[in-house]
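*Asks:* Using only what follows, build the 3D model:
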Amino acid sequence: MAALAGQDGAMSERLNAAIAAIDAANAKDPGAVDGRPEALLYGERMSAEQARLYPAASEPLQIACRGQHIERWLLPRADFPAGRDGYLAWRAEQGARHAARVAGIMSAAGYGGAEVARASRMLRKDGIKRDAEVQALEDVACFTFLRHYFLPFAAGRDPGEVLRIVRRTARKMSARARSAALETFDLPPEMAEAFASQMP
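*Replies:* Purely as a prediction, here's the structure:
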């Protein structure tokens with residue numbers, strides 16, 4: 001996998017502009033969590049996890065993390081068939097829409113074609129497990145799920161189904177992120193084993 005590109009930690013003017021534009025778009029989400037627009041809160045949580053996991057992230061990766069679910073509510077899951085095939089089709093379409101929306105924002109903020117293409121590739125998840133930055137975005141998304149959304153998701157669900165989701169999440173992550181998850185989260189033994197079993 002290619003090495004992650006680094007940056008000096010200071011937000012550039014164009015990075016500030018791109019993040020602000022993403023937040024402005026997500027602030028229009030009609031859904032709310034803790035009294036705040038759901039997509040806006042999700043983007044902030046993604047950025048926080050990125051800063052913890054990948055503090056030297058390139059600007060395209062930082063932007064992709066913030067824009068992972070930009071305007072997600074505009075394409076409801078209910079517009080696609082029930083079942084896993086429908087879910088995967090919906091997720092692929094969301095990725096394409098997110099990539100296109102963020103590309104427009106980055107271009108308006110002054111980013112060049114190569115940087116826009118990098119962020120678009122990440123948001124479409126092209127090259128996951130092969131491209132370090134695409135994998136980093138997936139790691140950040142998995143950490144955000146585990147920290148903020150896993151317990152509400154698991155409540156009332158069949159334990160076997162929850163364990164399958166945990167195993168699927170572990171498979172999506174890099175070895176580095178799986179190791180960090182075992183150190184970070186107080187997982188029940190069978191779920192910790194699901195992560196440990198994926199270690200090389």
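
*Asks:* quick one: the helices in this protein?
*Replies:* Applying DSSP state H to the chain gives helices spanning 13-26, 38-53, 59-66, 84-109, 113-124, 132-144, 150-154, 159-172, 175-184, 189-196.

*Asks:* average pLDDT across the fifth one?
*Replies:* I take that to be helix 113-124. Averaging pLDDT along helix 113-124 yields 98.

*Asks:* if we can go back for a sec, present the helices of the chain as TSV; the columns should include mean neighbour count and distance to P76.
*Replies:* C-betas here are computed from N, CA, C, even on glycine. Formatted as TSV, the helices of the chain follow (neighbours: other C-beta atoms under 10 Å; distance: least, C-beta to C-beta, whole Å):
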stretch	mean neighbour count	distance to P76
helix 13-26	18	16
helix 38-53	20	13
helix 59-66	26	22
helix 84-109	16	9
helix 113-124	20	19
helix 132-144	23	20
helix 150-154	13	18
helix 159-172	16	21
helix 175-184	16	30
helix 189-196	17	30
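
*Asks:* With distance to W73 as added columns, please give those in CSV.
*Replies:* Output for the helices of the chain, formatted as CSV (distance: least, C-beta to C-beta, whole Å):
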stretch, distance to W73
helix 13-26, 9
helix 38-53, 7
helix 59-66, 16
helix 84-109, 10
helix 113-124, 17
helix 132-144, 17
helix 150-154, 18
helix 159-172, 22
helix 175-184, 27
helix 189-196, 30
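
*Asks:* and the ones you listed, which one is worst for confidence?
*Replies:* helix 189-196 (a mean of 82).

*Asks:* The helices of the chain: which one's closest to L75?
*Replies:* helix 84-109 (5.9 Å; C-beta to C-beta).

*Asks:* Can you check what angle separates that closest one from helix 59-66?
*Replies:* Put simply, helix 84-109 runs at 130 degrees to helix 59-66, going by axes from the mean of the first three to the mean of the last three C-alpha atoms, to 10 degrees.

*Asks:* In contact with the residue nearest the centre of the chain, which residues are there?
*Replies:* Geometric centre of the chain, nearest residue: A141, 3.2 Å, by C-alpha atoms, centre = their mean. Counting by C-beta atoms under 8 Å, 6 or more residues apart in numbering, A141 touches 46, 68.
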